[in-house]
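**Q** Just the structure for this:
(one chain, ligands or ions: 1)
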Amino acid sequence: MSNPTYLWTPPPVPSLPVRGRAERAPVNRIFCVGRNYHAHAVEMGRPVDKAAERAFYFTKSPQTLVESGATVPYPPETKDYHYEMELVLVVGRPGFRVPVERAHEVVYGYACGLDMTRRDLQLAAREKGRPWDLGKDIEHGAVCSEVVPMRGFVLERGEFALEVNGRTRQQTDLSKLIWNVREIVADLSLYYHLQPGDLIYTGTPEGVGAVVPGDKLVGRVEGVGTVELTVGPAEQA
Ligand code: MN
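**A** Predicted structure coming up:
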């Protein structure tokens, strides 16, 4: 089947602009790290004991990707839509069972992301032992900046902040990650064959909170860039 025909138009390839390049980066999968800053784990009521636990992950559909600068509708079926500002790692080479000391080899670059979350649905699922999809896999809910190429570079420190309507709501340093970039790549690659175009949202620090229509979010990671999002009104029935 060199030239397949389709019943309907295939969905577009999700992709992101790349700083300094005309080509866009096609996006394969979107992985997200769960609790990865101590103070956020505590505010979520689930502290992390790194000596006794492994990192955990969830995924968002690539079709939920939204570029920085967008205005998105307030999503349906929630009354508690939260921001989570995160550093995003962009995978540029295949990797399976990558040792920590070679983790840098799969890094293409980094971006700034917002892991938008229907917190009420996520917590209800958590309490019932159900999957997180309705809370996390949200249309327009994976916001991402342009990709900044930094091939083979491990980002280990850098200030990191999110403002909502000009007021700082999240502020930390990448050095406070519980599992750092190398450890995440090594551990996630035990479960999955990492592929070019995989995005890894590395987790959010403390200070998560709700947004309402009209809110404007601006997140920054030192040495990477900025991500912006405007929350629009909910869609009418
Ligand atoms: Mn998150």
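**Q** and the helix or strand bottoming out on mean pLDDT in the chain, what other elements does it pack with?
**A** One helix or strand of the chain scores below all others by mean pLDDT, DSSP states H and E: helix 38-43, with a mean of 90. In terms of contacts (3 or more C-beta pairs under 8 Å, 6 or more residues apart in numbering; DSSP states H and E), helix 38-43 is packed against no helix or strand at all. Quick note: C-beta positions are derived from backbone N, CA and C, even for glycine.
**Q** which residues does residue 87 contact?
**A** If you count contacts by C-beta atoms under 8 Å, 6 or more residues apart in numbering, residue 87 has them with 110, 112-113, 155, 160, 174, 201-202, 221, 224.
**Q** Just list the residues touching the residue positioned nearest the centre of the chain, thanks.
**A** Residue closest to the average C-alpha location in the chain (C-alpha atoms, centre = their mean): residue 201, at 3.2 Å. Contact analysis of residue 201 by C-beta under 8 Å, 6+ apart lists 30-33, 60, 86-88, 113, 115, 142.
**Q** Setting the sequence-adjacent residues aside, check what's closest to the residue in the chain positioned nearest to the ion.
**A** Residue nearest to the ion within the chain (C-beta to the ion): residue 115, separated by 3.5 Å. Distances taken as C-beta to C-beta, 6 or more residues apart in numbering place residue 84 nearest to residue 115, at 4.1 Å, with adjacent residues excluded.
**Q** Make CSV from the contacts of residue 201 and add secondary structure and pLDDT to it.
**A** Below are the contacts of residue 201 laid out as CSV (DSSP: H, G, I helix; E, B strand; the rest coil; pLDDT from 0 to 100):
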residue, secondary structure, pLDDT
30, strand, 98
31, strand, 98
32, strand, 98
33, strand, 97
60, strand, 98
86, strand, 98
87, strand, 98
88, strand, 98
113, strand, 98
115, strand, 98
142, strand, 98
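**Q** Up against the ion, what does this structure have?
**A** With C-beta under 5 Å from the ion as the criterion, the chain comes near the ion at residues 84, 115, 204.
**Q** Quick one: neighbours of the residue of the chain closest to the ion, just the number.
**A** Residues near residue 115, counting by other C-beta atoms under 10 Å, number 26.
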